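Trainee: give me the fold of what follows.
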Amino acid sequence: MKELKEGTPEFTAKEQKMNKLALDFESFRKSTQREILKEESKIYHTVYMEVSDAVKKYSKYYGYTLVLRFNREDLNPEDPQGLIQGMNRQVVFHRNEDDMTESVLAHLNDKFAEGNGGAAAAPAAPAGRPTARLPK
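Mentor: Okay, the predicted model is just below:
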């Protein structure tokens with residue numbers, strides 16, 4: 001385009017072609033982004049349903065009647081926004097032995113490893129956490 005003079009028919013033709021290509025690319029980018037978001041949503045849904053199923057199995061097996069989602073991370077006074085969010089948690093106290101997170105993760109990792117020919121191993125549960133495996 002630099003070698004063409006503005007206002008010439010060649011310049012106008014090239015400019016129109018570039019504008020059409022830019023519009024085509026933007027349309028492609030938007031539709032591809034929509035498709036990626038749809039696929040991402042499907043993956044999130046699948047993972048959520050698998051976690052929910054594992055939590056349900058664990059709860060039934062150990063007789064839990066209520067399971068709450070919570071963040072067990074300690075509050076960090078160096079992070080003002082995180083501190084405020086942490087202080088607004090619904091769960092103020094919990095017993096570590098009631099936290100099923102590691103057991104559910106171990107179950108899901110075992111299930112994933114079985115589906116991938118044993119490629120992934122479940123991490124060991126930290127001390128003080130339940131380590132029981134769910135029945136298959």
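
Trainee: please make it C-alpha for all contacts and neighbour counts, starting now.
Mentor: Will do.

Trainee: any idea how far E50 is from T12?
Mentor: 57 Å (CA to CA, to the nearest Å).

Trainee: same check, this time on S52
Mentor: Distance of S52 to T12, computed by CA to CA: 59 Å.

Trainee: please apply the same query to L83.
Mentor: Distance, L83 to T12, using CA to CA: 58 Å.

Trainee: and for T101?
Mentor: Noted for T101: a distance of 63 Å to T12, by CA to CA.

Trainee: which helices and strands does the helix or strand of the chain with the lowest mean pLDDT pack with?
Mentor: Using mean pLDDT, DSSP states H and E, the weakest-scoring helix or strand in the chain turns out to be helix 80-87, at a mean of 83. Contacts defined by 3 or more CA pairs under 8 Å, 6 or more residues apart in numbering; DSSP states H and E place helix 80-87 against no helix or strand at all.

Trainee: give the next helix or strand downstream of that helix.
Mentor: helix 101-115 (DSSP states H and E).

Trainee: and the gap between L68 and N109?
Mentor: Distance from L68 to N109, counting by CA to CA: 21 Å.

Trainee: in terms of neighbours, single out the busier of those two.
Mentor: Under the criterion of other CA atoms under 10 Å, the comparison of L68 against N109 puts N109 first, with 17 against 8.

Trainee: measure the more buried one to N116 for me?
Mentor: 10 Å.
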